[in-house]
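>>> Below are the sequence and a predicted model for it; my questions follow.
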Amino acid sequence: MKLYRRENYLKKIRAFYHADDIIKVITGVRRCGKSSLMETIADEIRESGIQNENILYIDLDLRGYRSIKTADQLENLILQMGTAVGWKYLFIDEIQNVFGFEEVLNGFRSEGGWSIFITGSNSYLLSGELVTKLTGRYLEFELFPLTFEEYEKMKAFYNKNIDPLPANEMNRYILEGGFPRTIQLEHMADKRTYVQGVVREIFEKDIRHRVKIREKETFEAVKTYIINNFGATVSINSLCSALRKNGLSVSRATLTRYLKALTDAKILYECSRFDMKSKRSLSGEKKYYLADLSFYFAQNTDNRIHYGPVLENIVYTYARAQDYSVSVGRIGKLECDFILRDNEMQYSYVQVAYMIALSQETEDREYRALEAIKDNYPKYVATTDSLLQRRNGIKNINLIDFMKNGQKF
């Protein structure tokens, strides 16, 4: 099947296609499209005139390669495959399946003439040996499930129906989620079943084998609770108290370990709070957002959309996919939903609300925090309103149109 090319990511990586001094590491939650992205990179390299025999592609999850578990086995396999003369392009999928892979990669990188691309499903790939042995010698490119823009473009690419009303299409995106494989499935029940399978796979491959989960039921209860309360401000203490009220006693240490397992597996993303007056991060209080909203809807039979946290989650992942660093801002007693910082250290501020046009009180609440920020960086109130306004230099944007066009804050 012809692959949809995710241009938002390809354009970030193209400058490094032929760099033999830097290992390209593609990370992201399972099934978000890392393998397909690597395949499209290999296709583009082929199209540039590189011969097939100079492009080596190893998927360590496939039957033919699943026995490759040691560094020596991996090195021998690469040497057997890489007999072509000249520059070689090495792609390895699920590299963390091989113990001690770091020294093998570093050896080929040091040799020169090898442009190396690897994928991994969690932050295990960027911990321990890889960081210490390859510091300064790799770049991480983090991949997210489809943004709303990509969701529509991918549906068009595969000739799937797109609702002519953008708001209806946004609701479908919210309920279906952004895992690329679900685009090919016709029925919502099948899409939900697929996502439930992804969650089980993440637990088996990214969590259970790397974290000692003695009480699976307790872990499942913590996972369910935090997924059901995405976008809420929490601390370890408040989580412990909330779980106790639900009849579950979990120690702070265990809860911290479980949350780290979920963030390492990229089911959750941790968003810290930042005090804009003291210019310091606020320890303890955080928000957790989902890598994909389908994680919530796949474990809940209720299809009602609670637009407050849902739209926040969409803005969070959209901003992260565009390489913004994201935190939650506090200005005295007021809160700014998001402080965004780009790679050039430029800031922008975003408030997210379902609608403000029908209520002066809601409008005032959303604008008040931004009006309290005394700098000249761009400020946005992102809503689904069709009638937009401008107040004190703050832009009111229609979030659906904004994301549909791939705009940047």
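In hand now; what should we look at?
>>> rest of the way, CA atoms for contacts and neighbours
Will do.
>>> Apart from its chain neighbours, what residue comes closest to residue 65?
Once flanking residues are discounted, residue 65 sits nearest to residue 59: 6.9 Å by Cα to Cα, 6 or more residues apart in numbering.
>>> I figured that neighbour hits residue 93, correct?
Yes. Counting by Cα atoms under 8 Å, residue 59 does reach residue 93; the two are 4.6 Å apart.
>>> In which helix or strand does residue 136 reside?
According to DSSP states H and E, residue 136 maps onto no helix or strand at all.
>>> wait, residue 339
strand 334-341.
>>> hmm, back to that, which of residue 59 and residue 93 has more neighbours?
residue 93 (21 against 17; other Cα atoms under 10 Å).
>>> Tell me the helices and strands packed up against the strand holding residue 339.
helix 307-321, strand 325-331, strand 347-352, helix 360-371 (3 or more Cα pairs under 8 Å, 6 or more residues apart in numbering; DSSP states H and E).
>>> Adding mean neighbour count, mean pLDDT and distance to residue 188 as columns, could you present these in JSON lines?
JSON lines is the format used below for the helices and strands packed on strand 334-341 (neighbours: other Cα atoms under 10 Å; pLDDT from 0 to 100; distance: least, Cα to Cα, whole Å):
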{"stretch": "helix 307-321", "mean neighbour count": "20", "mean pLDDT": "97", "distance to residue 188": "19"}
{"stretch": "strand 325-331", "mean neighbour count": "21", "mean pLDDT": "91", "distance to residue 188": "31"}
{"stretch": "strand 347-352", "mean neighbour count": "22", "mean pLDDT": "96", "distance to residue 188": "27"}
{"stretch": "helix 360-371", "mean neighbour count": "16", "mean pLDDT": "93", "distance to residue 188": "34"}
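>>> Buried residues in the strand holding residue 339, which are they?
Residues of strand 334-341 classed as buried: 335-341 (neighbour count, 16 or more other Cα atoms under 10 Å).
>>> which one of the residues you listed sits closest to residue 136?
Distances from residue 136 to the buried residues of strand 334-341, taken as Cα to Cα, are shortest for residue 341 (22.3 Å).
>>> which non-adjacent residue is nearest that closest one?
residue 347 (4.5 Å).
>>> so the one you found makes contact with residue 338?
No. The pair residue 347 / residue 338 is not scored as a contact, 10.3 Å apart, by Cα under 8 Å.
>>> quick one on the thing from earlier: would you mind telling me which of the helices and strands packed on strand 334-341 is nearest residue 7?
The nearest among the helices and strands packed on strand 334-341, by Cα to Cα, is helix 307-321 at 11.9 Å.
>>> chain center to that closest one, what's the gap?
11 Å (Cα atoms, centre = their mean, to the nearest Å).
>>> tilt between it and strand 325-331?
On the basis of axes from the mean of the first three to the mean of the last three Cα atoms, to 10 degrees, helix 307-321 is oriented at 130 degrees to strand 325-331.
>>> Run through the chain and note the low-pLDDT ranges.
121-131, 279, 282 (pLDDT under 70).
>>> tell me what whichever strand in it runs longest is packed against?
Ranked by residue count, the top strand of the chain under DSSP state E comes out as strand 280-290. Contacts defined by 3+ Cα pairs under 8 Å, 6+ apart place strand 280-290 against strand 233-234, strand 268-275, helix 307-321.
>>> What pairs with that strand, parallel or antiparallel?
Using DSSP bridges, strand 280-290 pairs in its sheet with strand 233-234 (antiparallel), strand 268-275 (antiparallel).
>>> contacts for the helix or strand following the shortest one?
Pointing back at strand 233-234 there. Downstream of strand 233-234, the next assigned helix or strand under DSSP H and E is helix 236-245. Contact with helix 236-245 is made by 222, 225, 249-252, 255-256, 284, as judged by Cα atoms under 8 Å, 6 or more residues apart in numbering.
>>> Identify the residues contacting the residue nearest to the spatial centre of the chain.
Compute the mean C-alpha point of the chain, and by Cα atoms, centre = their mean the closest residue is residue 144, 3.5 Å away. Contacts here follow Cα under 8 Å, 6+ apart; on that basis residue 144 touches 28-29, 32, 291, 317, 321.
>>> which non-adjacent residue is nearest residue 178?
Closest to residue 178 by Cα to Cα, 6+ apart is residue 146, at 4.4 Å.
>>> my bad, should have said residue 408
Per Cα to Cα, 6+ apart, closest to residue 408 is residue 322, 7.6 Å.
>>> Quick one: neighbours of that neighbour, just the number.
18.
>>> What distance do you get for it to residue 141?
Noted for residue 322: a distance of 11 Å to residue 141, by Cα to Cα, to the nearest Å.
>>> Residue 29 too?
12 Å.
>>> Please compare the two by neighbour count and tell me which comes out ahead.
When neighbours are counted by other Cα under 10 Å, residue 29 and residue 141 differ, and residue 29 comes out ahead with 28 against 19.
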